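> Structure for the following, please:
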Amino acid sequence: MNNANQLHQILLQPTDVLFFRDGRPMEGSLAGHTAAWPLPNIINHAFHAALHRAGLANVHSHRRGRSGNYSEDPNHRDRKFGCLLTAGPFPVRVPNKNGKTTPPLEWFFPRPKDAQLPGTVAVTLRPVEGKWQSCSSLPTPLQYAVGNTLPPTKDATGEPWMSPQAYYRYLQDPSAPSAPSDRSDLLTDSALADTEATIGIAIDPATGTTGHGEAEGKIYSACYLRLRDEFRLGLFAEAADKEGGDLIRALFNDFPQSIIVGGQQRLCTAHRTDAPKPLPLPRGLSNPEAFKFLSGGKFAVKWVLLSPAIWPEINGRDKTGITDHPGGWLPNWVCPETGRVLLKSGDTERKPSETREAWRRRVRSLPSISARLVAAIVPKPIVVTGWALPNDADRPEGGAKSTHLAVPAGAVYYFEADSAEAAAHLAAALNWHGPLVNPSDPADPANFTTIRNRRSTLLGEKGFGLGVCGTWQFYRPDQSDQSDPSR
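As a prediction, this is how the structure comes out:
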């Protein structure tokens, strides 16, 4: 999102229960994971469809196809709205007084997986020093296992949602005994929404009837999400079209719009306003002095996902210099053998007058950031899939899209940087807000008005790969776990 003037804040208010599902089957007692918080691609697809339904004229069109396999037929240059960028959805609590909504809005974000104590933002899991590769199944290139600083317990984990204020306190790396949090900064799933389960009868897709054809004798169970009255699905969107201008503003035309979101044609009322400045997303650490000094002479940077990320398996190509990469839980911008960060240090933004090839040559010539991945907390993957309409370029019959396994929001990646400056460069490359526009004043709202970094290899334009940086320190059960006091 390069133009902050065209960034919009959109709140979706459901008019009924919502239905979200993944690619898992819905038969008998299997509910197909249908009541989870919606993935970013679902909301992006909803707005893409809304733009098509709006019948907007004089918009840029492009060729059909993907991955370099495009149709050459000029009549197939009919794909539209490729400029749509979204980020979200996240839960938003709307204060209500006398039947009217009043600012400020309260945004919430997924809780990091290394802070699992209820009622606090304290860090409870930390990397543990040691030669773990020789005595464990720790995968390459990780160097340290992550240990729990608290005694084992069967109690429930912490509230799954945190406010930006709570997030910022968490990113400072507070220890467990000294980090109580205001309960209003933490949100449970039950406070956000209810889950309603129903049983249905399958419908034959060919005839639209039940009890015949493929649907004969089939039933299904489904769960629906019912948001509480004071909550909305909040997101940011931009669609700066080459010919049509600001398509989000044109879609809304200063009036609320009905948007179909998720499955079963469920409606939400969408309210648009200009995006606030600064954006209400959590702010990551960015100054060199913010990152803790480790005993090995390195500087500690921690990256936490605010939205899921997809890192696919990559097959190497000799002609382009691309090497094999397993993807999965491991970011494609991390060397799978050494853990070295492959991102570049310096100005990687494309200039307005710069050709794509010149821009790529300039970025390739920049030095890599001097840091490496040493530990990670990665929960079970989530399934991302969908359905595609037919096109003559690469999918003449349409059908199911490729299924991806995404790293969920809340995953934590730990890095060691060679210097404080390298730590700041890494944070600038990973924070959603990028480097500070005004480094002399980190609190300047101008630093946090644009989403610059989406570190998911796939579906970044749909809101995948947003994250913020904090710092960390080792867990030493038999010693103080504080960093060098001289810092």
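
> How many neighbouring residues does the nearest residue to A424 once chain neighbours are set aside have?
Spatially, and ignoring its direct neighbours in sequence, A424 is nearest to P288 (4.4 Å; Cβ to Cβ, 6 or more residues apart in numbering). Quick note: C-beta positions are derived from backbone N, CA and C, even for glycine. Using other Cβ atoms under 10 Å, P288 is surrounded by 16 other residues.

> P288 contacts A423, correct?
Yes: in this structure, P288 is within contact of A423 by Cβ atoms under 8 Å, at 6.2 Å.

> Now for the residue nearest to A424: which residues touch it?
P288 sits next to F299, A420, E421, A423, A424 when contact means Cβ atoms under 8 Å, 6 or more residues apart in numbering.

> and C335, what does it touch?
With contact set as Cβ under 8 Å, 6+ apart, C335 has these partners: P141, V341, L342.

> Nearest residue to Q172 in space, please, no chain neighbours.
Nearest non-adjacent residue to Q172, counting by Cβ to Cβ, 6+ apart: G470, 7.0 Å away.

> from the contacts of C335, which ones fall inside helices?
Among the contacts of C335, no member falls in helices (DSSP state H).

> So which of those residues is surrounded by the most neighbours?
Neighbour max across these (other Cβ under 10 Å) = V341, 25 neighbours.

> beta partners for that residue?
V341 has the following beta-bridge partners by DSSP bridges: V334.

> Correct me if wrong: it contacts V334.
Yes: at 6.1 Å, V341 counts as touching V334 under the criterion of Cβ under 8 Å.

> Find residues that contact each of the two.
Common contacts of V341 and V334, defined by Cβ under 8 Å, 6+ apart, comprise R372, L373.

> one step back: would you turn the contacts of P288 into TSV with neighbour count?
As requested, these are exported to TSV (neighbours: other Cβ atoms under 10 Å):
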residue	neighbour count
F299	27
A420	16
E421	14
A423	31
A424	26
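
> Strands - which of the residues you listed land there?
Among these, the members found in strands (DSSP state E) are F299.

> hang on, the earlier thing: hey, what's in contact with both of P288 and A423?
In terms of Cβ under 8 Å, 6+ apart, P288 and A423 are both contacted by the residues F299.

> any idea how far L18 lies from W37?
According to Cβ to Cβ, to the nearest Å, L18 stands 10 Å off from W37.

> between these two, what contacts are shared?
L225.

> neighbour count winner among these two?
L18 (25 against 19).

> What sits closest to the more buried one if chain neighbours are left out?
For L18, ignoring the flanking residues on the chain, the nearest one in space by Cβ to Cβ, 6+ apart is L225 at 4.5 Å.

> In terms of helix, strand or coil, where does the one you found fall?
With DSSP: H, G, I helix; E, B strand; the rest coil as the basis, L225 sits in strand.

> Surely R361 is within a helix?
Yes: counting by three-state DSSP, one finds R361 located in a helix.

> Give me the number of neighbouring residues for it.
Using other Cβ under 10 Å, R361 has 11 other residues around it.

> Grab the nearest non-local neighbour of T198.
What sits nearest to T198 in space, not counting adjacent residues and going by Cβ to Cβ, 6+ apart, is A222, at 5.8 Å.

> what about the stretch 51-200 of the chain, any weak spots by pLDDT?
Residues of the stretch 51-200 of the chain meeting the criterion pLDDT under 70: 63-78, 97-103, 156, 176-182.

> switch the cut-off to 80
57, 60-79, 96-103, 153-157, 175-183, 199-200 (pLDDT under 80).

> Same question for the stretch 251-400 of the chain.
Using pLDDT under 80, the stretch 251-400 of the chain drops low at 263-264, 317-322, 386-400.

> Which parts of the stretch 301-450 of the chain are helices?
In the stretch 301-450 of the chain, the helices defined using DSSP state H, counting those that start in this stretch lie at 356-365, 420-430.

> hang on, I meant the stretch 1-150 of the chain
For the stretch 1-150 of the chain, helices defined by DSSP H, counting those that start in this stretch occupy the ranges 40-53.

> what residues are up against the nearest residue to P38 once chain neighbours are set aside?
The spatially closest residue to P38, leaving aside those adjacent along the chain, is F20, at 4.7 Å (Cβ to Cβ, 6+ apart). F20 makes contact with T34, A35, A36, W37, P38, L39, I42, L225, G262, G263, according to Cβ under 8 Å, 6+ apart.

> And for A239?
Residues counted as contacts of A239 (Cβ under 8 Å, 6+ apart) are Q6, L51, F81, C83, L84, L85, D246, L247, I248, L251.
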